[in-house]
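> the following block contains a protein sequence and its predicted model.
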Amino acid sequence: MTSIIKRLQLGLVVLIVAFFFIFLSILPVHAEENRKVVMIIIDKISLQDLNNTDLPNLQKLIRYGAIGLMNTNTGATKNASHSYLTIGAGNRAATGDWAGLAFNGSEVYLGNKAEEIYHSISGQKAQPNNLVHLGFAQMIKTCSSLQQTVIPGALGTVLNENNLKTAVIGNADASITNSPQDYMRFAVNIAINDRGVVNYGDVSSNLLEHNKEFPFGLSTNFKKMSKAYKELLNQTQFMVIETGDTARLETYWDYLLTKRIINEKTKTLKRIDKFIGQLLTTIDPKRDLILIVSPDAPKEEILQGNTLTPLLAFGKGIEPGLLISGTTHRKGIVTNLDIAPTIINFFGAKVPYYMSGQSLGSIPSQNTVPFLLKLNKQIVATSNQHGIILKTFVSLQIIMLILALLVILFSSNLPRLFLTMSQAILLGLASVPLILLFLPLLAINQLVLSFSAIVLIASLFVFITRKMARQEIDPLVILGLATSISIFIDITLGSPLMKTSLLGYDPMVGARFYGIGNEYSGVLLGSSILGTTALLQRFPLKKKELFWLISFFFLAIIFVCASPKLGTDVGGTITSIISFSIVYLRIKGKKVNYKVLITIITSVFILLALTIYWDVGNGGSGNTHIGRAASLVEQGGWQTAQQIIQRKLATNWRLIRYTIWTRVLLTSLVALAILFFRPIGVVRRIIQNYPYLSSGFVGILVASIVGLAVNDSGVVQAATTILYGVFPLVYLVVEERRRRK
């Protein structure tokens, strides 16, 4: 019996020891348990503001952390109130005029405690140590009118659901009109949960001080801020700190001399830098994460066309260098949508499907600030020139089409020189997209010089092309192939030229950051059809070899349009499959009937399904628009799909109504209609004389129609595609009239 008892005792000891070690193994490491994210808001600053050796602590964070330029788009205009909420929602959000009305629960507003007002608005009670947002209901209603799922308080909600506590300290309150708009406690919008509440914090005027040296006498008391921070440090995992004074200076912009603002901003940044130095002593970079965020650009930068702001990350998971994200696929360029997913992933929680951004990462890089300053300068120069040059180009297209039609209609009364000049101008204008692709290589930042360079290069292109031509169709062969092959090569290299082209995409607009945009998608499809069919027309005796070459080229273009690695252009993929199929069947002399159309449409669906599978992979969220859209629909259901469709239709309709590209498309269609009737029989003769090229014209028209239908900016793609059908056709009609002289 004694031996049995001893064995039982020994077994019990072993069991206790085993349970002890098992318990230890499942406990998180102490550092992991107490990991924190501290977000420091220094609003209304530019990258240049941080490039200052008098800010040693910020310089340290830049040196040992990762920095990038942040797109500040929102669900409405670009301003601070919308931007703060966008950061917390992880999607482009919008607020109302109560966006800054957040308070400590015990604070008094309009004679009542804020927690009591909150209860009367929401019907819910807040804890005494909570922060409450009195404008939360207004924000929910404003965001519900947006054409996508935007959840105010999404970040705070996810953190709270994972037992992580949030806090906000500091404010940017102004002291001008004593109205609700003077309460600028937008930082609360980042950390609130879906009840409009933050767990802890202090955003009251107690953290301010009367400062005779600061404009209007009210500034942040950083000693009190530091004390509040230390009191809350061990109670929270995510804390937002609003430094405030840089935003106050911006509020006073209209009332102060510019020199005064600049001097005070320099002093303010030094005070903030000293405060950050104190915070750094409490942070473990092997465990914690610091984010330095400027939600909105300063007015002096906005006036110059720059709305990008600096974003700095330092700590666990961040290697020194440049910030990157799956949203942009651009080195050193990220968005305000990427911040919330980064924080959620940092804590190991699941990012909600309705958040549009992707987690921030970093890549090693030297001299990050000089690189970003140069990149920012280039982006601003491109953005400022973009609208003017494109409007000029489009306007000239319209004018030239009208003039060319008049020349054709009245050619019998005009000298031959007029017809020759018309052809030269048509060819020159058609070469502009190709020129705009390579123009960034000249690094021109002035509008006049850009215009001059475009005109000069277009003139050289026309001169060289016409000198090389042995037949009237040769310039069209060169134009089509040179343009399409150049774009194709650029895409396969990661679009280095397209990213900086005036016909490419603008990181400040933020509609697209990578892959092929609608403008160049249309150019690629139109020029490739023109170039290949014109080449076949030029060398009809080599048609057997050329059929194989054209097939390969068409398949290669479909691949680069569909490939997630290159940025998947869904509209371009659909359009290319349909239009290329029509062209190929026509040049092969095969009829296009309903069975063929069903086969083509089936091929489209199969390829899109394969593309989605490739992009999303094993349960991922996708690296491109199509992959993320598929994930959204999978998680959000039919309602999400409906929102995506409605948003794209609304975008297309808005562009059709207001963009100048619509006028180009309409002018082109009118020109085609006129040419089919006047001069009588001229188009019929061209179709007879150029059968392969005529098949290309049909394919380009099909590509324009399909592109208009399947793209959210379809009118842009349709207009750039049809350029390569209408201009060459008019060119050949003018040539036909010129021969008759």
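Yes, it's here.

> so A340 makes contact with G90?
Yes. The criterion here is Cβ atoms under 8 Å, and A340 meets it with G90 at 3.6 Å. The C-beta positions use only the backbone N, C-alpha and C, and glycine is treated the same way.

> who are the packing partners of the helix or strand where M421 lies?
Per DSSP states H and E: M421 is located in helix 416-430. Helix 416-430 makes packing contacts with helix 368-409, helix 447-468, helix 474-492, helix 714-739 when contacts are defined by 3 or more Cβ pairs under 8 Å, 6 or more residues apart in numbering; DSSP states H and E.

> which of the ones you listed sits most buried?
Between the helices and strands packed on helix 416-430, the one whose residues have the most neighbours on average, counting mean count of other Cβ atoms under 10 Å, is helix 714-739 (a mean of 25).

> re the thing from before, anything in contact with each of A340 and G90?
Counting by Cβ atoms under 8 Å, 6 or more residues apart in numbering, the contacts common to A340 and G90 are A154, L155, V351, M355, G357.

> top of those residues by number of neighbours, please.
L155 (29 neighbours; other Cβ atoms under 10 Å).

> buried set for the strand or helix carrying it?
In the assignment (DSSP H and E), L155 maps to helix 154-161. Neighbour counts using 16 or more other Cβ atoms under 10 Å place A154, L155, G156, T157, V158, L159, N160 of helix 154-161 among the buried residues.

> residue ranges with poor pLDDT in the stretch 151-300 of the chain?
Within the stretch 151-300 of the chain, the stretches falling below the threshold (pLDDT under 70) are 175-180.

> follow-up on the earlier one: reformat the shared contacts of A340 and G90 as a markdown table; add distance to T328.
Rendered in a markdown table, the data for the shared contacts of A340 and G90 read as follows (distance: Cβ to Cβ, whole Å):
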| residue | distance to T328 |
| --- | --- |
| A154 | 21 |
| L155 | 20 |
| V351 | 17 |
| M355 | 15 |
| G357 | 10 |
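
> closest to I660 out of those residues?
Distance ranking of these against I660, using Cβ to Cβ, places G357 first at 31.5 Å.

> and that closest one, what does it touch?
With contact set as Cβ under 8 Å, 6+ apart, G357 has these partners: G90, N91, S325, T327, T335, N336, L337, D338, I339, A340, P341, T342.

> how about TSV for these, with secondary structure and pLDDT added?
What follows is the contacts of G357, written out as TSV (DSSP: H, G, I helix; E, B strand; the rest coil; pLDDT from 0 to 100):
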residue	secondary structure	pLDDT
G90	coil	94
N91	coil	93
S325	strand	93
T327	coil	88
T335	strand	96
N336	helix	96
L337	helix	95
D338	helix	96
I339	helix	97
A340	helix	96
P341	helix	96
T342	helix	97
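
> ok, those vs F547, which is closest?
Distances from F547 to the contacts of G357, taken as Cβ to Cβ, are shortest for T327 (41.5 Å).

> tell me, how many residues neighbour the closest one?
Using other Cβ under 10 Å, T327 has 24 neighbouring residues.

> in space, what's closest to it - neighbours in sequence excluded?
Taking Cβ to Cβ, 6 or more residues apart in numbering as the measure, T327 lies nearest to Q358, with 4.8 Å between them; neighbours along the chain are not counted.

> quick check: pLDDT value at the one you found.
Here the pLDDT value assigned to Q358 is 91.

> beyond the helix holding L155, next helix or strand please.
Stepping forward along the backbone from helix 154-161, the first helix or strand reached (DSSP H and E) is strand 166-169.
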